[in-house]
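# Please find the sequence and the predicted model below.
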Amino acid sequence: MIDKSSVFNHALRKAGVLSSGKHFPGYASAEVDPHHELPVIDKTLEEMEADELKPFRALLPDLDSIMTCHSHYPCWDADRPRWPASLSKNIIGQFLRNQLAYDGLVMTDDLDMGAILNEVTFEDTIKACIEAGNDLAMICHRVDMVEIASRVIATLPDTLIYDVLRRIEKTKAKMSKPYEWSIERFQEIDSQIYDLRVATLGEERAKDRSLEDGKRSPVELF
C-alpha cells in the first residue's frame, strides 16, 4: 500500500517546501481564542490519545517540523496551573521528544499572543520555550524584542543550544536554496502577491491595510 502522506511530503520537499504539524498537542477542545487568552483543556491523557493526538502519531514520521500550541493541559502540567504547552517540558521534552521520539524541528506558535503575554514575562517565555524542547521561539510582531530574546538565549547552557542548532541545521539541509537576491525578483514576487490579493478581495478591498494598520505586523510595512 502506498503511503499517500509520504508521497505528498516528498513532492513538497522537492519544491523546497517543508511540512509542519500544528498545533501540538491539539487545539480542538479549546473554548477560548489563544490570541486573546489562555485556553485550559481539561481532557485526560486517554481522551487526548483518542482524539487530538491521533493525527500527530500517524504523521509524525513524515513531518519536517512541529508547531506547539498555547493551551494549558492539566493532564501533563497539573502542578503548574495556567502553564502553556508551548513552554512545557512535560509536553515537549518528555512526551514529544522522549516518549514519541521526535527529533525533528519544533517551534512555538507566535509568542505575541494573549495566551502567553497575559501569563508569563517575556524573558521567562524565551528561556522556558527553549528549555522545554523548542528549537525556534517565534516572535512575529514585537520585532524590537528580538535583541532581548537573543540575549536571554545566550545565557542558556551550551549543551542545550548544541541540540537546538543540530536540529536547525538538519532541517535547513532539506530546504531548497533560495533565489539569488535581486530587487527585480523581489518586485516580481510582490506583484504576484498583490495580484492574488486582488483576485481574492477585489480591487477596492485589496488597497486596504489590515485593521491593525501595521502597528503589530511587520508585513504591513512593506
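Good, I have the coordinates.
# Can you name the secondary structure element that comes next after the helix or strand bottoming out on mean pLDDT in the chain?
Lowest on mean pLDDT, DSSP states H and E among the helices and strands of the chain sits helix 4-14, with a mean of 69. Later in the chain than helix 4-14, the nearest helix or strand by DSSP states H and E is strand 21-24.
# Just the mean pLDDT for that following strand, thanks.
The average pLDDT for strand 21-24 rounds to 95.
# Likewise for stretch 156-174?
Stretch 156-174 comes out at a mean pLDDT of 94.
# residues making contact with it?
With C-beta atoms under 8 Å, 6 or more residues apart in numbering as the test, stretch 156-174 has contacts from 13, 18, 64-65, 103-106, 127, 130-131, 135-136, 153. C-betas here are computed from N, CA, C, even on glycine.
# Now, the residues you listed that are in helices?
13, 127, 130-131, 153 (DSSP state H).
# Poorly predicted segments of this structure, please.
Along the chain, the model assigns pLDDT under 70 to residues 1-9, 210-222.
# returning to what we had before: which one of the ones in helices among the contacts of stretch 156-174 has the most neighbours?
With neighbours defined as other C-beta atoms under 10 Å, the most crowded of the ones in helices among the contacts of stretch 156-174 is Ile130; it has 22 neighbours.
# My understanding was that it contacts Ala149; is that so?
No. Ile130 lies out of contact with Ala149 (C-beta atoms under 8 Å); the separation is 9.7 Å.
# which neighbours do those two share?
Listed contacts common to Ile130 and Ala149 are Ala137; contacts here mean C-beta under 8 Å, 6+ apart.
# Counting neighbours, what do you get for His141?
As a burial measure, His141 scores 16 neighbours (other C-beta under 10 Å).
# From Glu203, how far out is it?
Noted for His141: a distance of 28 Å to Glu203, by C-beta to C-beta, to the nearest Å.
# my guess is Ile193 is in a helix, correct?
Yes. Per DSSP: H, G, I helix; E, B strand; the rest coil, Ile193 lies within a helix segment.
# circling back to that earlier point, export the contacts of stretch 156-174 as JSON lines, with columns for distance to Thr171.
Output for those, formatted as JSON lines (distance: C-beta to C-beta, whole Å):
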{"residue": "Arg13", "distance to Thr171": "11"}
{"residue": "Leu18", "distance to Thr171": "7"}
{"residue": "Asp64", "distance to Thr171": "6"}
{"residue": "Ser65", "distance to Thr171": "7"}
{"residue": "Asp103", "distance to Thr171": "11"}
{"residue": "Gly104", "distance to Thr171": "7"}
{"residue": "Leu105", "distance to Thr171": "4"}
{"residue": "Val106", "distance to Thr171": "10"}
{"residue": "Lys127", "distance to Thr171": "22"}
{"residue": "Ile130", "distance to Thr171": "16"}
{"residue": "Glu131", "distance to Thr171": "20"}
{"residue": "Asp135", "distance to Thr171": "8"}
{"residue": "Leu136", "distance to Thr171": "10"}
{"residue": "Ile153", "distance to Thr171": "18"}
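# Identify, from the residues you listed, the entry nearest to Glu37.
Lys127 (22.4 Å; C-beta to C-beta).
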